[in-house]
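Visitor: Model the structure of this input:
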Amino acid sequence: MATSSKKVAASLDGRFGGTGQYYRFNVDQGLQDITLSDWEKASKISAHARNYLSDNQRAVKDFVDNFIGVVRVGGNGESSQAVVPAAELSAAQNNGIARPWYHLPFPRNTRFVGRDQILGTLRDRLFVRKSPRVALVGLGGVGKTQVALALALWTKANITDCSVFWVPALSSATFEQAYTHIARQLDIRRGDDQDVKEVVRQYLSSEAAGRWLLVIDNADDIKLVCGSPNMPESLDSYLPQSENGRIMFTTRSRDVAIRVAEDTIKLDEFSLSEAKELLGKLVTRKDLIHDDASVTELLRELTYLPLAITQAAAYLERNEVSIAEYLGLLRNTEKDMVDLLSEELPDRTRYQQSKNAVATTWVVSFQKIRELDGKTADLLSFMSQIEPKLIPQSLLPELGSRAQTVSAIGTLCGYAFVSKRDDMLDMHSLVHLATRIWLSREGLETQTIETVMRCLAGKFPTDEYENRHTWRAYLPHALRILQRADADDMEEKYELYFWVGRCLQVEGRIREGVRCFEECWRWRSGQFAEEHPSRLASQHALAGAYKADGQIKKAVGLLEQVVAVRERTLTEEHPDRLPSQHALAGAYQSDGQIKKAVGLLEQVVAVRDRTLAEEHPDRLASQHALARAYQSDGQIKKAVGLLEQVVAVRDRTLAEEHPDRLASQHALARAYQSDGQIKKAVGLLEQVVAVGERTLTEEHPDRLASQYNLAMAYRADGQISQALELIKQVVAVESRTLQERPP
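Guide: Numbering: from 1, shown residues only. This next block holds a predicted model:
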């Protein structure tokens, strides 16, 4: 530079000439880099300097004359390297306008991607519509701070007369520290007894402050930000108001956002394309992201959350694993998932005191919720132990009044932990995991599991057809909590197993039902005496599931024990004795012991015909069973006559899709076929199949059975092509479900 003065001057003039500012060189600092060989060129340097100054003597004089009228602007307690020409400063002072200042805690995030629409909306609200306050609200880890930083840097670059100040609202201390820095930067004078927060508020509210944008980041604590009866002094009371000023808040709490800002903008997780772009910027090993399918799968697993993507990328880089390997760990066990998502990662674009791991980033919010409203925290804890999606509001515990429940759900929605879908709730899957981690670390997990178990055992309905919509909605959540081993000694757990097993069996999920009944029977047989009603009920239910699963010998053995105990301890008409005899007869029939089945069922039917009304479900069920036994015993006419009675009553009293009505129609059709009345059999089976295809899943055993029997009826009726087509459908479904069925 010393020997190329003209070239350097031209370069600087091109860069700064239009700004009206002059920059000095720090000679003392520059001399530190001078070497011995440079000193040997001193005479050459001196000559160049004298020639340059001689050529520019007039320009130097003009600068010195102008400098006399200059007032230094800086006021941060240090020498400023930038000065404003006197004429310009005079105009600024006359208008009460200060030069712009910038206080930003983070460097530009070179890996920031997307968010164009949100940034455009923020610019429109703040600088076009001139909203004095705008709040950006979203889930922790969704990138609110990075969006705010991008907006602040855009403002600095594009609105050159607008100061930008950044104030973290993590605590009173961080807020005051930022205000102290602003006061020092602006050289705001104050007395020893003056509160720096009030002084800064007053200054920024004045015309002298000029245009400014104030970013209040992490305004999550509603008591801190808005005050409370126990904390009347709020941060909000120290925020300035000026026509020249704009305030942008970032917060996790919708409640805070609504209270502090006129405009509220929600920030959601990334789109798939934005998530892919971020991952591409974060990983240096580009071979990792060549497989688009695995990348998409990973990002979906991470719910497109920027913090989760950043954490996963850091793990991939540090441990040199593939995306497939990472996904394997993520899905292996919950402990592996917890370990992966609990790793803290260094991040220069986040606060040092912030939690940078997905598993812990929401802990502060959880704790605040617990401090503010224990019932809301209880609700969050409850939901973390069941399935995160499609949670019926009717399944939730009572929180007192309906208003309290609505308020608690509103709070969780406000933090974006939960979203509403009609009368269902969805919980963010990563928040779902993080809540369980938090409960475990707080020592509250076992207590929470027991609370959830009691609640579900109390709310889960019986398996009656009329309750089907309720128990279908509850089933996934009950199955989830039943997987927990923490509540092994709770009677409520096995009561829940019992009713879940009953409903699974109705749904045709026989193997799952068997496992539920086995758990229930194992526990109850170790807790209760042989004749205890609960023990006998679970033994009876397990036998029924074994029969449905084809384990006939096991079913017969269990039911013979149940019948022996009940015949010894109960009267002939007792409502618990008759069902066990009925069930044993059905097991005998499946085992080929037809005469025993007929004899036992004739006893049951005789008692029920004497004691129950014609349309009573139990009376009809035993008549149905006896008719099927007659058919198996070759007494076809008796079977047809009895089933016609049952069908007539059920057609009159039950809905078209009721499983009992369909079962009796199915049985009558088979009896017609055995009796040679093929046309009647085909017509009745076509009705049953049509309803079953409309109301049952493709692999439901009842649907498959009716389709198979219709195919056989078609064959008997000479409709061979229809029979073949239907058989192909049944075989295809059976083949697929056998492959999918666990051993």
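
Visitor: Which residues does stretch 650-658 contact?
Guide: With C-beta atoms under 8 Å, 6 or more residues apart in numbering as the test, stretch 650-658 has contacts from Tyr465, Glu615, Leu620, Asp660, Arg661, Ser664, Gln665, Val691, Arg694, Thr695. In short, each C-beta sits where N, CA and C put it, glycine included.

Visitor: Now that you've got those residues, can you turn the buried subset into something I can paste into PyMOL?
Guide: If you want just the buried ones from these in PyMOL, going by 16 or more other C-beta atoms under 10 Å, the selection is:
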select buried, resi 620+660+661+664+665+691
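
Visitor: Just to be sure, which of the contacts of stretch 650-658 are found in helices?
Guide: Leu620, Asp660, Arg661, Ser664, Gln665, Val691, Arg694, Thr695 (DSSP state H).

Visitor: Throw the contacts of stretch 650-658 into a markdown table and include distance to Gln505 and pLDDT, thanks.
Guide: As requested, the contacts of stretch 650-658 are arranged in a markdown table below (distance: C-beta to C-beta, whole Å; pLDDT from 0 to 100):
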| residue | distance to Gln505 | pLDDT |
| --- | --- | --- |
| Tyr465 | 13 | 88 |
| Glu615 | 24 | 94 |
| Leu620 | 19 | 95 |
| Asp660 | 14 | 93 |
| Arg661 | 18 | 95 |
| Ser664 | 19 | 95 |
| Gln665 | 21 | 96 |
| Val691 | 20 | 95 |
| Arg694 | 21 | 93 |
| Thr695 | 17 | 91 |
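
Visitor: Where does the prediction get shaky in the protein?
Guide: 1-98, 231-232, 344-356, 738-743 (pLDDT under 70).

Visitor: Would you map the strands across it?
Guide: 102-103, 133-138, 162-168, 211-217, 245-251, 263-267, 391-392, 418-421, 424-427 (DSSP state E).

Visitor: Spatially nearest residue to Arg670, not counting backbone neighbours?
Guide: Asn709 (6.1 Å; C-beta to C-beta, 6 or more residues apart in numbering).

Visitor: My guess is Leu170 contacts Asn218. True?
Guide: Yes. With contact defined as C-beta atoms under 8 Å, Leu170 reaches Asn218; the gap is 5.2 Å.

Visitor: Pick out whichever of the two has more residues nearby.
Guide: The neighbour comparison of Leu170 against Asn218 (other C-beta atoms under 10 Å) goes to Asn218, with 23 against 18.

Visitor: Roughly how far does that one sit from Phe249?
Guide: 9 Å (C-beta to C-beta, to the nearest Å).

Visitor: who are the neighbours in contact with the closest residue to Asp549 other than its chain neighbours?
Guide: Excluding its sequence neighbours, the residue lying closest to Asp549 (C-beta to C-beta, 6+ apart) is Ile510, at 4.9 Å. Going by C-beta under 8 Å, 6+ apart, Ile510 touches Leu504, Ala545, Ala548, Asp549, Pro701.

Visitor: separation between Ile510 and Arg480?
Guide: 20 Å.

Visitor: gap between the two ends of stretch 608-615?
Guide: Start-to-end span of stretch 608-615 (C-alpha to C-alpha, to the nearest Å) is 11 Å.

Visitor: buried ones in it?
Guide: Arg608, Leu612.

Visitor: quick one: it to chain centroid distance?
Guide: 52 Å (C-alpha atoms, centre = their mean, to the nearest Å).

Visitor: For it, which outside residues touch it?
Guide: So stretch 608-615 is contacted by Glu573, Leu578, His616, Asp618, Arg619, Ser622, Val649, Arg652, Thr653 (C-beta under 8 Å, 6+ apart).

Visitor: Output the residues you listed as CSV; include the columns neighbour count and distance to Ser322.
Guide: CSV is the format used below for the contacts of stretch 608-615 (neighbours: other C-beta atoms under 10 Å; distance: C-beta to C-beta, whole Å):
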residue, neighbour count, distance to Ser322
Glu573, 12, 69
Leu578, 22, 62
His616, 14, 64
Asp618, 15, 60
Arg619, 21, 64
Ser622, 27, 62
Val649, 18, 64
Arg652, 9, 64
Thr653, 14, 61
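
Visitor: any chance of those residues in JSON lines, with distance to Lys554 too?
Guide: Shown next, in JSON lines, are these (distance: C-beta to C-beta, whole Å):
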{"residue": "Glu573", "distance to Lys554": "29"}
{"residue": "Leu578", "distance to Lys554": "22"}
{"residue": "His616", "distance to Lys554": "30"}
{"residue": "Asp618", "distance to Lys554": "25"}
{"residue": "Arg619", "distance to Lys554": "29"}
{"residue": "Ser622", "distance to Lys554": "23"}
{"residue": "Val649", "distance to Lys554": "33"}
{"residue": "Arg652", "distance to Lys554": "38"}
{"residue": "Thr653", "distance to Lys554": "35"}
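
Visitor: Please name the residues that touch the nearest residue to Gly245 once chain neighbours are set aside.
Guide: Nearest residue to Gly245, sequence neighbours excluded (C-beta to C-beta, 6+ apart): Trp212, at 4.9 Å. Trp212 sits next to Cys162, Ser163, Val164, Phe165, Leu204, Ser242, Asn244, Gly245, Arg246 when contact means C-beta under 8 Å, 6+ apart.

Visitor: ranges for the helices of the stretch 51-200 of the chain?
Guide: Secondary structure of the stretch 51-200 of the chain (DSSP state H, counting those that start in this stretch): helices at 57-67, 86-94, 116-123, 144-158, 172-185, 196-204.
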